[in-house]
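*Asks:* fold the following, please.
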Amino acid sequence: MLNKIQIPIQPKPAPRITHQGRFTKSAKAYYSYKDYLKLFCNANDFIISEKVKITFFIPIGKSISKKETALRLGKPHKQRPDLDNLVKGIWDALATEDGFIHTLQCSKVWSLEGKIVIENL
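*Replies:* Residues are numbered from 1 along each chain as shown. Got it, this is the predicted structure:
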């Protein structure tokens, strides 16, 4: 079983999905995101533990200048999406019952490529 996994996907926050809104385009995209996370972790024999460190790498937009990209790279991401909603997306995909998780370290940083790194502590 792996202790650390790097998932090559742009992080998505958990949306508010109402009963009638579960068939919208954004809801379907979120379901696909969750399915990908689950399949990727299962294929790599990764199971989330009760002590977890999660780092979300948020891609810098293509329209941002090279100078601004150099300034942002590796720095904390202080904009939306909210960190708690990104974590909720991970719990929805990887933890059938998230009550067993008692220690969580998480952060989000600017990056050239979107990815998620999850490490069992």
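
*Asks:* count of residues packed around residue 7?
*Replies:* 20 (other Cβ atoms under 10 Å). From N, CA and C alone the C-beta is placed, and that goes for glycine too.

*Asks:* which residue, other than its chain neighbours, is closest to it?
*Replies:* Nearest residue to residue 7, sequence neighbours excluded (Cβ to Cβ, 6 or more residues apart in numbering): residue 116, at 4.5 Å.

*Asks:* now that neighbour: how far from residue 50?
*Replies:* Residue 116 is 19 Å from residue 50, where distance means Cβ to Cβ, to the nearest Å.

*Asks:* so for those two, which sits in the more crowded spot?
*Replies:* Comparing residue 116 with residue 50 by other Cβ under 10 Å, the one with more neighbours is residue 116, at 22 against 14.

*Asks:* give me the number of neighbouring residues for residue 12.
*Replies:* As a burial measure, residue 12 scores 21 neighbours (other Cβ under 10 Å).

*Asks:* now do the residue nearest to it when sequence neighbours are not counted, the pLDDT please.
*Replies:* Leaving aside its chain neighbours, residue 12 sits nearest to residue 33 (4.7 Å; criterion: Cβ to Cβ, 6+ apart). pLDDT recorded at residue 33 is 94.

*Asks:* wait, a helix at residue 33?
*Replies:* Yes. Counting by DSSP: H, G, I helix; E, B strand; the rest coil, residue 33 is part of a helix.

*Asks:* give the residue farthest from the middle of this protein.
*Replies:* Computed with Cα atoms, centre = their mean, the residue of the chain farthest from its C-alpha average is residue 67, at 26.6 Å.

*Asks:* now that one: which helix or strand?
*Replies:* helix 66-72 (DSSP states H and E).

*Asks:* for that helix, buried residues please.
*Replies:* residue 72 (16 or more other Cβ atoms under 10 Å).

*Asks:* contact partners of that helix?
*Replies:* Applying Cβ atoms under 8 Å, 6 or more residues apart in numbering, the external contacts of helix 66-72 come out as 60, 64, 110, 112.

*Asks:* kind regards, and thank you for your time.
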